[in-house]
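Colleague: Provide a 3D model corresponding to the input given below.
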Amino acid sequence: MRTIQAIASILIVALGLLHCAFTFVNFHGLSFDAAWFIGTGFAIILAGFVNIAMLRDGGKDTVIWTMALITNVVFLAGFLIAAYMMRQPQVFLGAILFAVTTIYSFIIDPK
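Modeller: Prediction:
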């Protein structure tokens with residue numbers, strides 16, 4: 001179980017890095033939209049890091065667990081809304097990854 005959550009968390013970080021990299025493909029120069037786009041990529045990366053922190057803790061610290069759960073639910077909702085509007089593969093991948101981490105947030109590892 002932990003392995004699936006770890007893989008999903010690492011893929012979330014990778015998705016965020018890819019999102020940041022595409023800023024320079026989608027936007028030519030610095031603009032408000034480009035800053036918003038790269039900021040969203042960094043938010044996705046940080047969401048992956050929160051999940052990795054929860055994995056390391058095993059869900060024992062309620063503050064880390066609560067932050068991870070809220071992060072996962074908010075990002076899952078965001079990706080589901082984006083999937084309704086955009087219908088692009090990376091958005092569906094994000095929704096699946098955050099669905100996995102949200103579900104596995106409820107499985108506490110006693111290690």
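Colleague: for the record, mean pLDDT for the helix or strand Thr66 falls within?
Modeller: Remark: Thr66 resides in helix 62-86, with elements defined by DSSP states H and E. Averaged over helix 62-86, pLDDT sits at 92.
Colleague: buried set for it?
Modeller: 64-65, 67-69, 71-72, 75-76, 78-79, 82-83 (16 or more other C-beta atoms under 10 Å). Just so you know, the C-beta spots here come from the backbone N, C-alpha and C atoms, and that holds for glycine as well.
Colleague: for stretch 10-23, same thing?
Modeller: Leu11, Ile12, Val13, Leu15, Gly16, His19, Cys20, Thr23.
Colleague: now those in JSON lines, with secondary structure and pLDDT?
Modeller: Below are the buried residues of stretch 10-23 laid out as JSON lines (DSSP: H, G, I helix; E, B strand; the rest coil; pLDDT from 0 to 100):
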{"residue": "Leu11", "secondary structure": "helix", "pLDDT": "94"}
{"residue": "Ile12", "secondary structure": "helix", "pLDDT": "95"}
{"residue": "Val13", "secondary structure": "helix", "pLDDT": "96"}
{"residue": "Leu15", "secondary structure": "helix", "pLDDT": "93"}
{"residue": "Gly16", "secondary structure": "helix", "pLDDT": "94"}
{"residue": "His19", "secondary structure": "helix", "pLDDT": "91"}
{"residue": "Cys20", "secondary structure": "helix", "pLDDT": "91"}
{"residue": "Thr23", "secondary structure": "helix", "pLDDT": "89"}
